[in-house]
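Visitor: here's a sequence, model it:
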Amino acid sequence: MKLDLDRGHNEPLHQQIVRQVETLILSGELPPGSGMPTERHLASLLRIHRSTVTKAYEQLRAAGLIHSVQGRGTFVADSMWDLQTNHFPRWSQYMSSGVFRPTISLLRKVHQLTPDPSYINLADGEVSLDLLPTAIMKELLKGEDMASFMHYSDPRGERKFRQAIARHVQKQYGIEADEDEILVTSGGQQAMHLITQCLLSSGDSIAIECPSYHYSLPLFMSSGIRLLRIPVDQDGMIPSSLPELHRAHRIRMVITSPTYQNPTGVVLAKERRLELIRICRGLSIPIVEDHTFSDIRLHGEAPPLPLIANTGVEGSVLYFGSLSKSAAPGFRIGWIIGPRSVISRMADIKQQFDFGTSPLMQELTSRYLESGGWSEQLERIRAALSRNQETMLHALDRHLQGKAEWTRPGGGYHIWCRLLQPAAETSLLEEGIRQGVLMVPGRVYGAEAGYVRLSYARANEGEIAEGIARLARAVSIVAVGQR
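Guide: Reported below is the predicted structural model:
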């Protein structure tokens, strides 16, 4: 742990320690559960009085960033759940180069190695290049006069495209919405940014599933938003935990991915969907529904209708979807569906962000949806991912039986795997890299120690089989090292 104190600065030394340690923890440079230097040792390293370090550690403990165990030492908190990141008035200092917090350190390592073909990629959340809809895109663009699509867009999205989305969601998911209840976004990530900027404020508490992809997004902590966990089992989130959570923390919003949730792959049972709507309606809490993976059904029964199909657009649900998983991530096309007043407010913020999504991509995507191209592409993706999933499950049975547990998700891109002997995430990731395989440790998504997310979307069947074999070797090596 490297700290750089400025003795000539008017900021007290203990506050400099607090600020720098917090930065290291929130950026992931000090991973959850890692050991901290003793107060005496850190004081010696920094050449300051021990009482200064004691004061800093007390403040860090009060904020929930570190904890001490008598006889063992001081450690970084196991997770960032329930952390009030606006505890210290330091964001302008911490993020001197901008508003947003850096990507979690473990994820940065994975992202940096993703383009290297020498690694087998079981981490990526996108399909392989051979599954992209390049042929139909060329056909749709053939002989087209592009000049008419080079203007600034309506920040809500081109009316023709919003009408196409309305037809699409009605046909596919039973959602009744008109074009004025739809906002076009540059993918699902921008949808979450708009929701955060428009509907939440620093200090607000929101509830999300545990584990959840949304836990890994830096935008919540960058905005000073407190994340509260809703437990998840084989039938999805457990809504009955919400009333007590709301009484304790005054929840402002619930964010859920009810269909093929990332990373667990679970589907929220129909009875729980209705219970969630009933509870949130009674508490006047809005629900944000992430429907990103809903189309990637690989086997089993069709999932229940989206939450918004049960409440109506003027109800308590704000819905967003995209084509990143069912077509191609490079489309950068998504949409939010909700009450007109909310859509209008978000459109105003979106205009400040980017003056609207590309009219050319909106026109291209409109044709793609209505030409039958999307349905054909979806069937290609489903067929390929079904084969890949079976290959991964077979490889897990062969190489990790007795060392891990996993389920067979009905859809999505991932298998959620629990190691029976939990391994330190950093050690497992680094050993996996040495073995030539990439995966995402579960702590990235707010899970307890010992979980990994394995993707079968990017790699081919041969790579998947070899990748699981390499992962098994990494698990064995780390387990031996921890004895």
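Visitor: what's the longest strand in the chain?
Guide: Using DSSP state E to define each element, the chain has its longest strand at strand 226-233.
Visitor: chain center to that one: distance?
Guide: Centroid separation between strand 226-233 and its chain, computed with C-alpha atoms, centre = their mean, to the nearest Å, is 13 Å.
Visitor: show residues contacting it.
Guide: Residues from elsewhere that reach strand 226-233 (C-beta atoms under 8 Å, 6 or more residues apart in numbering): 80-85, 203-211, 215, 220-221, 237-239, 241-242, 245, 249, 251, 254, 256, 261, 264, 266, 446. Where you see a C-beta, it was placed from the backbone N, CA and C, and this is true even at glycine.
Visitor: buried stuff in that strand?
Guide: Buried residues in strand 226-233, defined by neighbour count with 16 or more other C-beta atoms under 10 Å: 226-230, 232.
Visitor: direction included, what does that strand pair up with?
Guide: Here strand 226-233 has these sheet partners by DSSP bridges: strand 205-210 (parallel), strand 236-237 (antiparallel).
Visitor: just to revisit the earlier point, ok, which pair from the buried residues of strand 226-233 is furthest apart?
Guide: For those, the farthest-apart pair by C-beta to C-beta is Arg226 and Val232; their separation is 19.1 Å.
Visitor: before we move on, the earlier item: now list the buried members of the contacts of strand 226-233.
Guide: By neighbour count, with 16+ other C-beta under 10 Å, the contacts of strand 226-233 hold 80, 83, 85, 204-211, 215, 220-221, 237-239, 242, 245, 251, 254, 256, 261, 264, 266, 446 as buried.
Visitor: in strands only, show me the residues you listed.
Guide: With strands taken from DSSP E, the overlap with the buried ones among the contacts of strand 226-233 comprises 205-210, 237, 254, 256.
Visitor: which one among those residues gets closest to Glu271?
Guide: Nearest to Glu271 out of these is Met237 (C-beta to C-beta; 12.3 Å).
Visitor: these two touch, right, the closest one and Thr259?
Guide: No - Met237 lies out of contact with Thr259 (C-beta atoms under 8 Å); the separation is 11.9 Å.
Visitor: what's the overlap in contacts for these two?
Guide: Common contacts of Met237 and Thr259, defined by C-beta under 8 Å, 6+ apart, comprise Leu268.
Visitor: how about the contacts made by Leu454?
Guide: Listed by C-beta under 8 Å, 6+ apart, the contact partners of Leu454 are 122, 392, 414-417, 439, 468, 471.
Visitor: oh sorry, the question was meant for Asp178
Guide: Taking C-beta under 8 Å, 6+ apart, one finds Ala166 in contact with Asp178.
Visitor: swap in 10 Å and give it another go.
Guide: 162-163, 166, 313, 337, 340 (C-beta atoms under 10 Å, 6 or more residues apart in numbering).
Visitor: where are the low-confidence patches of the stretch 51-200 of the chain?
Guide: Applying pLDDT under 70 to the stretch 51-200 of the chain picks out residues 83-106, 143-149.
Visitor: quick one: Trp335 is in a strand?
Guide: Yes - membership of Trp335 in a strand is supported by DSSP: H, G, I helix; E, B strand; the rest coil.
Visitor: tell me the pLDDT at it?
Guide: Trp335 is assigned 95 on the pLDDT scale.
Visitor: kindly report the same for Thr357.
Guide: What the model reports as pLDDT for Thr357 is 87.
Visitor: burial count for it?
Guide: 27 (other C-beta atoms under 10 Å).
Visitor: equivalent analysis for Val76, please.
Guide: 21.
Visitor: show me the beta-bridge partners of it.
Guide: Legend: beta-bridge partners of Val76 under DSSP bridges are Ile66.
Visitor: can you give me the distance of it to Glu289?
Guide: Distance of Val76 to Glu289, computed by C-beta to C-beta, to the nearest Å: 33 Å.
Visitor: ok, Ser44 - contacts?
Guide: Ser44 is in contact with 37-38, 50, 53, counting by C-beta under 10 Å, 6+ apart.
Visitor: same question, Ile175
Guide: Going by C-beta under 10 Å, 6+ apart, Ile175 touches 165-166, 168-169, 181-182, 291, 305-306, 308-309, 312-313, 317, 319, 321, 337.
Visitor: relative to Glu376, which of the strands paired with strand 226-233 is closest?
Guide: With C-beta to C-beta as the criterion, Glu376 lies closest to strand 236-237 of the strands paired with strand 226-233, at 30.3 Å.
Visitor: tell me the gap between that closest one and the middle of its chain.
Guide: With C-alpha atoms, centre = their mean, you get 16 Å for strand 236-237.
Visitor: quick one: Ala472 and Cys417 touch, right?
Guide: No - using C-beta atoms under 10 Å, Ala472 is not in contact with Cys417; the gap is 11.0 Å.
Visitor: which one of the two is surrounded by more residues?
Guide: Ranked by neighbour count (other C-beta under 10 Å), Ala472 and Cys417 place Cys417 first, with 24 against 20.
Visitor: and the nearest residue to that one once chain neighbours are set aside, its phi and psi?
Guide: Excluding the flanking residues, the one nearest Cys417 by C-beta to C-beta, 6 or more residues apart in numbering is Trp406, at 4.5 Å. Main-chain torsions, Trp406, degrees, to the nearest 10: phi -160, psi 170.
Visitor: tally of neighbours for Trp406?
Guide: Neighbour count of Trp406, defined by other C-beta under 10 Å: 18.
Visitor: state the mean pLDDT of the longest strand of the chain.
Guide: Average pLDDT, strand 226-233: 94.
Visitor: which one of the contacts of Leu454 is nearest to Glu158?
Guide: Glu158 has its nearest neighbour among the contacts of Leu454 in His414, at 33.4 Å by C-beta to C-beta.
Visitor: I'd guessed that closest one sits against Tyr451; true?
Guide: No - the pair His414 and Tyr451 fails to qualify as a contact (C-beta under 10 Å) at a distance of 11.3 Å.
Visitor: anything in contact with each of those two?
Guide: With C-beta under 10 Å, 6+ apart as the test, His414 and Tyr451 both reach 263-264, 440.
Visitor: which ones among these map onto helices?
Guide: Here DSSP state H is the test, and the shared contacts of His414 and Tyr451 give no hits in helices at all.
Visitor: so can I have a markdown table of those residues showing distance to His9?
Guide: A markdown table is the format used below for those (distance: C-beta to C-beta, whole Å):
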| residue | distance to His9 |
| --- | --- |
| Pro263 | 42 |
| Thr264 | 46 |
| Val440 | 38 |
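Visitor: so which of these is the closest to Asp348?
Guide: Pro263 (33.7 Å).
Visitor: where do the strands of the stretch 301-450 of the chain begin and end?
Guide: Assigned by DSSP state E, counting those that start in this stretch, the strands in the stretch 301-450 of the chain fall at 317-322, 334-337, 404-406, 414-419, 437-438, 440-441.
Visitor: out of these, flag the one nearest Gln59.
Guide: strand 440-441 (28.6 Å).
Visitor: which residues touch the closest one?
Guide: 31-32, 104, 106-107, 110, 122-125, 213, 216, 263, 414, 423-429, 432, 447, 449-455.
Visitor: tell me the contacts of the most centrally placed residue in the chain?
Guide: By C-alpha atoms, centre = their mean, the mean C-alpha position of the chain lies nearest to Tyr213, the distance being 2.6 Å. Tyr213 makes contact with 125, 188, 257, 261-264, 290, 292-293, 414, 440, 444-446, 453 under the criterion C-beta under 10 Å, 6+ apart.
Visitor: now rank these by neighbours and give me the top one.
Guide: Going by other C-beta under 10 Å, Pro263 tops those with 31 neighbours.
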